[in-house]
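K.L.:
Return atomic coordinates for the entry below.
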Amino acid sequence: MATESIKQFLDSATGLELKEILLARLNELKSIENISDKDTTAKQSLEVKAQKRAYAKLKEILQDLMTFAGETKKRDKRDSYAINDEDL
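P.N.:
Sure thing, here's the model as predicted:
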């Protein structure tokens, strides 16, 4: 495959715009708003699992072509199980 030439393109101005579009589409797959309501719990479960698989597969495909930035969202310290002296 010509992944090196694709990576060079993605580093260009037009490529960066394309990368933003692709990442936005990828993140849409993670959105709960994207999951349609089903009439049974079994069907709903299948819908959620299919959504998760679609996200994982698209991310796998895109990772061959471009790198993803790490989690930039700052976590709330209440989400951690660690206890510090300052928390007491």
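K.L.:
got the contact list for the lowest-mean-pLDDT helix or strand in the chain?
P.N.:
Least confident helix or strand of the chain, by mean pLDDT, DSSP states H and E, is helix 3-10 with a mean of 82. Among residues not part of helix 3-10, those counted as contacts by CB atoms under 8 Å, 6 or more residues apart in numbering are Gly15, Leu16, Leu18, Lys19, Asp64, Leu65, Met66. (Each C-beta comes from the backbone N, C-alpha and C, glycine too.)
K.L.:
go on, stretch 12-24?
P.N.:
Under the contact criterion CB under 8 Å, 6+ apart, stretch 12-24 has outside partners Gln8, Phe9, Leu10, Leu62, Met66, Phe68.
K.L.:
if we can go back for a sec, need the buried ones from the contacts of helix 3-10 selected in PyMOL.
P.N.:
With 16 or more other CB atoms under 10 Å as the criterion, this PyMOL line picks the buried residues out of those:
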select buried, resi 15+19+66
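K.L.:
With distance to Ser45, secondary structure and pLDDT added, can I get the contacts of helix 3-10 in CSV?
P.N.:
Shown next, in CSV, are the contacts of helix 3-10 (distance: CB to CB, whole Å; DSSP: H, G, I helix; E, B strand; the rest coil; pLDDT from 0 to 100):
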residue, distance to Ser45, secondary structure, pLDDT
Gly15, 38, helix, 86
Leu16, 38, helix, 87
Leu18, 34, helix, 89
Lys19, 33, helix, 87
Asp64, 30, coil, 80
Leu65, 32, coil, 78
Met66, 32, coil, 80
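K.L.:
Nearest the geometric middle of this protein, what residue?
P.N.:
Of all residues in the chain, the one closest to the mean position by CA atoms, centre = their mean is Asn27, 4.6 Å from it.
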